[in-house]
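Chemist: sharing a sequence plus its predicted fold:
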Amino acid sequence: MGVFYKWGAGRNPDHPEIVDAHDSTLVTADGEEIIDAAAGAAVVNLGHSLEGVGDVMAAQADRVGYVSTSHFTSPPVESVGEKLASMTPGSLNEAFLVDSGSEAIEAAIKLARDYHVARGEPTREAVIGRWASYHGSTLGALAASGNTGRRTVYDPLLRDWPKIGPAYPYRWDHEGTPEEQAVAAAGELERLVRRLGPETVAAFVAEPVGGSSIPAARPHPAYYREIRRICSEYGLLFIADEVMVGFGRTGEPFACEGLGVTPDLMALGKGLSAGYAPISATMVADRVVETLEGHDHSFQHGHTYSGNPISTAVADHVLDRYSEDLFAAVRRRGRRLEAVLDPLADSPIVGEIRRAGLQVGVEFVSDRETKAPFDPDADVADRIYDAALENGVYTYPGGGSVDGQAGDHLMLAPPFVLDDDAIGAIGDAVVSAVNRVAEAEGRRTA
Ligand code: PMP
């Protein structure tokens, strides 16, 4: 009896109760302090207890707490729309506001469909995704996702949309330079589109840098150069899912910018309010907006809380805190975080340590030569998560769930504001947790 929430990370069913939090520290009901090395799930970019948020919420609730965006707008909605248009790259100039990352993906998928219908190509409906990807837990977003662990039970409910392999250099078996491998991997999309017939495909959706399935996996920029070419040539819209990596996580305002690619639709979430209110957005490129505006069918999509004034007022406040200085700090702190994890480079169970800005993925393998993943039943990532938590550090485990496409891993994605002491403590806790589980598995660092 109570709250049905005990889903996800770790094997410990007794979730610690968090009663207080500040900067990168969580405080339990027992008064224990935990370093939040995952910023929730890469959400709390600006740290806990950010100054001013409570005042902004109260002031907005006192003025206008709710109006339906079907018929009204409000000052924070207009302001957030303008700020997002100026922050995001290319001609992504219109924001459609929703409440979660999953909904932002659903909206992008439906907008892609509307776009093709408006252009007189109603046979285009398939959304090509990639294996080892996650775009959300609602049925459309899950159908586009390729994280098998999160989909399997629901497979009968999902559209059978096609997938290509992940952008995952560590496990690619293409020949040649990193650039040649990237071009070969992206070529899979072209072959698939030709096989399906471009007239049946609406969009390609991808996390530009890997998130919860393969954290911090980032291909050579040639990969997205090819993806952009293929999408443009065959008339697909490219949906970039920046729900996890947008707003500076990778050290660039948006990951697409670091990779030199401009999408037609971009899903945003998490960092938009940095965890302080449920809000997300789908950014739409001018040419998509213009096509839809020239058509008499209006976008049939909405949620009761879309553009909620209190959530948007919080986002408006949060967006002003992102700056080039902060993104430079992300890059600096990311390098430090990588440095404190250096002792893991020789661990017999660590296959790869990847980093994109202040997001790190540590991938575990049972054999470094063959890159064989651990047996999922060994729960390696969850055991390392438990050990790190015992050491006072909260991390984000995953894997063992992508049908051999990816191994177990730990993601670190701390708040951007963490200090050197916290970075050092994260390093100590994670290194000792990995070593402990390696020893339990009978492996010792040489
Ligand atoms: N896309 C990505 C890349 C994500 O990481 C997530 C959430 N982890 C989602 C979509 C779904 O967002 P939400 O949980 O807010 O629905």
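Modeler: Nice, thanks for sending it over. Note that the structure is a prediction, hence the values are computed from the model and not measured.
Chemist: the ligand contacts on the stretch 1-150 of the chain?
Modeler: Where the stretch 1-150 of the chain comes near the ligand, counting by C-beta under 6 Å from any ligand atom, the residues are 41, 100-102, 105, 134-136. From N, CA and C alone the C-beta is placed, and that goes for glycine too.
Chemist: burial of the residue in the chain positioned nearest to the ligand, as a residue count?
Modeler: Of the chain, the residue with the smallest distance to the ligand, taken as C-beta to the nearest ligand atom, is residue 101 at 2.2 Å. For residue 101, the count of nearby residues is 29 (other C-beta atoms under 10 Å).
Chemist: list the contacts for it?
Modeler: Residues counted as contacts of residue 101 (C-beta atoms under 8 Å, 6 or more residues apart in numbering) are 135-136, 141, 241, 243-244, 267-270, 280.
Chemist: now do the contacts for the closest residue to residue 217 other than its chain neighbours.
Modeler: Distances taken as C-beta to C-beta, 6 or more residues apart in numbering put residue 210 closest to residue 217, at 3.4 Å, once the chain neighbours are dropped. Residues counted as contacts of residue 210 (C-beta under 8 Å, 6+ apart) are 132-133, 166-168, 216-218, 354, 361.
Chemist: low-scoring stretches of the stretch 301-446 of the chain, by residue?
Modeler: With pLDDT under 70 as the threshold, the stretch 301-446 of the chain has low-confidence stretches at 400-405, 445-446.
Chemist: which residue ranges form the strands in it?
Modeler: Secondary structure of the stretch 301-446 of the chain (DSSP state E, counting those that start in this stretch): strands at 350-356, 359-364, 393-394, 396-398, 409-412.
Chemist: how far does the shortest one sit from its chain's centre?
Modeler: Translated: strand 393-394. Computed by C-alpha atoms, centre = their mean, to the nearest Å, the separation of strand 393-394 from the middle of its chain amounts to 19 Å.
Chemist: stretch 34-47 now?
Modeler: Centroid separation for stretch 34-47 versus its chain: 13 Å, with C-alpha atoms, centre = their mean.
Chemist: show me the two of the residues of the stretch 1-150 of the chain next to the ligand that sit farthest apart.
Modeler: Spatially, the most separated pair among those is 41 and 105, at 15.5 Å (C-beta to C-beta).
Chemist: residue 338 and residue 354, how far apart?
Modeler: Residue 338 sits 9 Å away from residue 354, taking C-beta to C-beta, to the nearest Å as the criterion.
Chemist: more neighbours, the two?
Modeler: When neighbours are counted by other C-beta under 10 Å, residue 338 and residue 354 differ, and residue 354 comes out ahead with 23 against 17.
Chemist: please name the nearest non-neighbouring residue to the more buried one.
Modeler: residue 216 (4.0 Å).
Chemist: next, the one you found: phi, psi?
Modeler: Listed backbone geometry of residue 216 is phi 70, psi 10, with angles given as degrees, to the nearest 10.
Chemist: hey, where'd the helices end up in the stretch 151-300 of the chain?
Modeler: Read by DSSP state H, counting those that start in this stretch, the stretch 151-300 of the chain holds these helices, from start to end of the chain: 178-196, 222-234, 255-259, 286-293.
Chemist: is residue 159 in contact with residue 143, as I believe?
Modeler: Yes. In this structure, residue 159 sits in contact with residue 143. The criterion is C-beta atoms under 8 Å, and the distance is 4.4 Å.
Chemist: of those two, who's got more company?
Modeler: Summary of the neighbour comparison: residue 159 and residue 143, criterion other C-beta under 10 Å, with residue 143 having more neighbours (20 against 13).
Chemist: OK, contacts around that one?
Modeler: Per C-beta under 8 Å, 6+ apart, neighbours of residue 143: 127, 158-161.
Chemist: now for residue 338 and residue 354: what residues contact both?
Modeler: residue 360.
Chemist: who has more neighbours, residue 41 and residue 105?
Modeler: It is residue 105, of residue 41 and residue 105, that has more neighbours when counted by other C-beta under 10 Å, with 31 against 18.
Chemist: sec struct for the more buried one, please.
Modeler: Classification of residue 105 by DSSP: H, G, I helix; E, B strand; the rest coil places it in helix.
Chemist: 492 is where my numbering starts, stick with that
Modeler: Got it, first residue is 492 now, which makes that one residue 596.
Chemist: pretty sure it contacts residue 628?
Modeler: No. Under the criterion of C-beta under 8 Å, residue 596 is not in contact with residue 628, lying 10.2 Å apart.
Chemist: which positions within the longest helix anywhere in the chain qualify as buried?
Modeler: Here the longest helix in the chain is taken by residue count, with DSSP state H as the criterion, and it is helix 911-931. Taking 16 or more other C-beta atoms under 10 Å as the basis for neighbour counts, the residues of helix 911-931 that come out buried are 913-914, 916-918, 920-929.
Chemist: for those residues, work out which two are farthest apart.
Modeler: 913 and 929 (24.3 Å).
Chemist: residue nearest the centroid of the chain?
Modeler: The central residue of the chain, meaning the one whose C-alpha is nearest the mean C-alpha position (C-alpha atoms, centre = their mean), is residue 735 at 2.6 Å.
Chemist: who are the contact partners of that one?
Modeler: Listed by C-beta under 8 Å, 6+ apart, the contact partners of residue 735 are 532-533, 592, 698, 702-703, 760-761, 850, 904.
Chemist: go again using 6 Å as the cut-off
Modeler: For residue 735, the contacting residues are 533, 702, taking C-beta atoms under 6 Å, 6 or more residues apart in numbering as the criterion.
Chemist: show the pLDDT at it.
Modeler: The per-residue pLDDT reported for residue 735 equals 98.
Chemist: distance of it relative to residue 719?
Modeler: Residue 735 sits 21 Å away from residue 719 when distances are taken as C-beta to C-beta.
Chemist: flag every residue of the stretch 642-791 of the chain that's near the ligand.
Modeler: Taking C-beta under 6 Å from any ligand atom, the part of the stretch 642-791 of the chain that reaches the ligand is made up of 698, 702-703, 732, 734-735, 760.
Chemist: just the buried ones from those residues?
Modeler: In these, burial by neighbour count holds for 698, 702-703, 732, 734-735, 760, counting by 16+ other C-beta under 10 Å.
Chemist: and those, which of them are in strands?
Modeler: The subset of these located in strands under the criterion DSSP state E comprises residue 732.
Chemist: looking at the closest residue to residue 695 other than its chain neighbours now. What's its pLDDT?
Modeler: By the measure of C-beta to C-beta, 6+ apart, the closest residue to residue 695 outside its immediate chain neighbours is residue 619, 4.8 Å from it. Model confidence at residue 619, expressed as pLDDT, equals 98.
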